[in-house]
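S.K.: Provide a 3D model corresponding to the input given below.
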Amino acid sequence: MGTLLLTEKDVEPLVSMKEVMDVVEDAFKEKAFGRVQMPAKSYIFYKKYNGDFRAMPSYLENFDTSAVKLVNVHPDNPVKHNLPSIMAIIILIDPKTGCPLAIMDGTHITSIRTGAAGGIAAKYLSKKDVGIIGMIGAGRQARTQLMALLTLYKKLDEVKVYDISKVNRGLFVKETSELYSDVTKIVPVETAKEAVEESDIIITVTPSREPIVKDGWAKEDAHFNCIGADAPGKQELDPMILKSAKIVVDDLEQAMHGGEINVPFSKGLITESEIHGEIGEIVAGLKLGRVSSDRITVFCATGLAIQDAVTTKLVYDRAIKRGIGQEIQFVSV
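M.R.: Just a heads-up that it's a prediction; the model follows:
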């Protein structure tokens, strides 16, 4: 059996955000019904390099889809090494034999499946009449988060973007303004507060270890997609926001140890009983999503291995159909 090798250039054009959102939504539902195997991600920390490395295996039993992702997070890479902050390799495994069906670049898959999760969270947790988006962070993930919201809402009135780097803000505005004619205006702002105020959805995509968004800035019916806090010690929101919000996580165990809630949880500022549930439970109809117009909702995303598995299978099937990639005979027959 051959193993298909796919580069990032091979992977990127093979699937759309809409397709990835559909399979990620299905994966969340499968998790809610207990039909997946997904150990908590394991970490290796490179403290002297301000980075970490993670292993993320999973198996969706009904879909007969299994994969493992190996991914790093090194926030200093773009400035110090001219490399992406996040890079990944994914191995798609045949559950019947254990053979590697494919080895592919996982950097784009990580970006698009994370954006898709944000889009699914907004679908169930934000109010319906969304017009203004506030972005905290202007990196690669901010772009796929916006892509997912436009896939969901089709049109937006305004996107406000804040980043500590004025250059990054400018690049984001230039690139996305050229891409998306369905946004009336995309503007840089000078402070995180400006990005949050009056926004219907606020997306945080930074590696911060200190709260950036303060309590009292957001509207009472706002929704937060918290994407950046994906490892122990990271946080982007003032814990007081969480105290009064409806909190939904992608995975409870991962969130308590490495998501937006991990720091306030470790300090006893919030408890497990204050977590409304997992997004999969809402997708599956086991719990309610947004029910009140006067309460902030927060989606705490840590990133699930099942998101990688279903997206990787989608990419693999499309590549096989189109004859894309290089086949290598790793396994001797």
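S.K.: what does the domain assignment say about this protein?
M.R.: Split into domains by automatic domain parsing, the chain comes to 3-109+306-328, 118-304.
S.K.: just the endpoints, please. Distance across stretch 185-193?
M.R.: One end of stretch 185-193 to the other measures 18 Å (CA to CA, to the nearest Å).
S.K.: what's next to that stretch, contact-wise?
M.R.: Contact with stretch 185-193 is made by 136, 157-162, 166, 169-170, 172-173, 176-177, 180, 195, 212-214, 217, as judged by CB atoms under 8 Å, 6 or more residues apart in numbering. Any C-beta I mention is one placed from the backbone N, CA and C, and that applies to glycine too.
S.K.: quick one: buried ones out of those residues?
M.R.: For those, a burial check counting by 16 or more other CB atoms under 10 Å picks out 136, 158-162, 169, 172-173, 176, 195, 212-213, 217.
S.K.: and the two most separated of the residues you listed?
M.R.: Within the buried ones among the contacts of stretch 185-193, Thr176 and Trp217 form the most distant pair, 23.0 Å apart (CB to CB).
S.K.: can you read off the backbone torsions of Thr311?
M.R.: phi -70, psi -40 (degrees, to the nearest 10).
S.K.: where does the closest residue to it other than its chain neighbours land on pLDDT?
M.R.: Distances taken as CB to CB, 6 or more residues apart in numbering place Arg113 nearest to Thr311, at 4.5 Å, with adjacent residues excluded. As predicted, Arg113 sits at a pLDDT of 98.
S.K.: tell me the contacts of Arg113?
M.R.: Here Arg113 is in contact with 20, 24, 307-308, 311 (CB under 8 Å, 6+ apart).
S.K.: which members of these define the maximum pairwise distance?
M.R.: Val20 and Asp308 (10.8 Å).
S.K.: Ala67 should be in a helix, yeah?
M.R.: No: assessed with DSSP: H, G, I helix; E, B strand; the rest coil, Ala67 is strand; it does not lie in a helix.
S.K.: surely it meets Lys313?
M.R.: Yes: Ala67 is within contact range of Lys313, at 7.4 Å (criterion: CB atoms under 8 Å).
S.K.: of those two, give the one with the bigger neighbour count.
M.R.: Ala67 (28 against 20; other CB atoms under 10 Å).
S.K.: for the more buried one, which non-adjacent residue is closest in space?
M.R.: Ala309 (4.0 Å).
S.K.: wouldn't Lys287 be in contact with Gly277 here?
M.R.: Yes: look at Lys287 against Gly277 with CB under 8 Å: they come within range, at 4.4 Å.
S.K.: what about Ala88, helix or strand, and which?
M.R.: Using DSSP states H and E, Ala88 sits within strand 86-93.
S.K.: other residues contacting that strand?
M.R.: By CB under 8 Å, 6+ apart, strand 86-93 touches 65-74, 99-107, 109-111, 140-141, 308-309, 312-313, 316.
S.K.: also stretch 66-83?
M.R.: For stretch 66-83, contacts defined as CB under 8 Å, 6+ apart pick out 46, 49-60, 84-95, 106, 110, 207, 230-231, 305, 308-309, 312-313.
S.K.: give me the buried entries from the residues you listed.
M.R.: Buried subset of those (neighbour count, 16+ other CB under 10 Å): 51-52, 54, 56-60, 84-88, 90-93, 106, 110, 207, 230-231, 305, 308-309, 312-313.
S.K.: counting only strands, which of the residues you listed make the cut?
M.R.: 51-52, 54, 56-60, 86-88, 90-93 (DSSP state E).
S.K.: which two among those are spaced furthest apart?
M.R.: It's Gly51 and Leu60 that sit farthest apart of these, by CB to CB, at 29.4 Å.
S.K.: so Gly259 versus Ala284, what's the distance?
M.R.: 20 Å (CB to CB, to the nearest Å).
S.K.: neighbour count winner among these two?
M.R.: Set Gly259 next to Ala284 and count neighbours by other CB under 10 Å: Gly259 wins out with 29 against 15.
S.K.: what residues are up against Val213?
M.R.: 136, 192, 196, 202, 204, 224, 236-238, 241.
S.K.: again with Gly118
M.R.: 145, 148-149, 203, 225, 227, 299, 301.
S.K.: what does Ile275 give?
M.R.: 247-249, 252, 255, 261.
S.K.: mind checking which of those land in strands?
M.R.: 247-249.
S.K.: dump those into TSV; add pLDDT as well.
M.R.: Formatted as TSV, the ones in strands among the contacts of Ile275 follow (pLDDT from 0 to 100):
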residue	pLDDT
Ile247	98
Val248	98
Val249	98
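S.K.: most surrounded residue in these?
M.R.: Going by other CB under 10 Å, Val248 tops those with 26 neighbours.
S.K.: pretty sure it is touching Glu274, no?
M.R.: No: contact criterion CB under 8 Å: Val248 and Glu274 do not qualify, at 11.5 Å.
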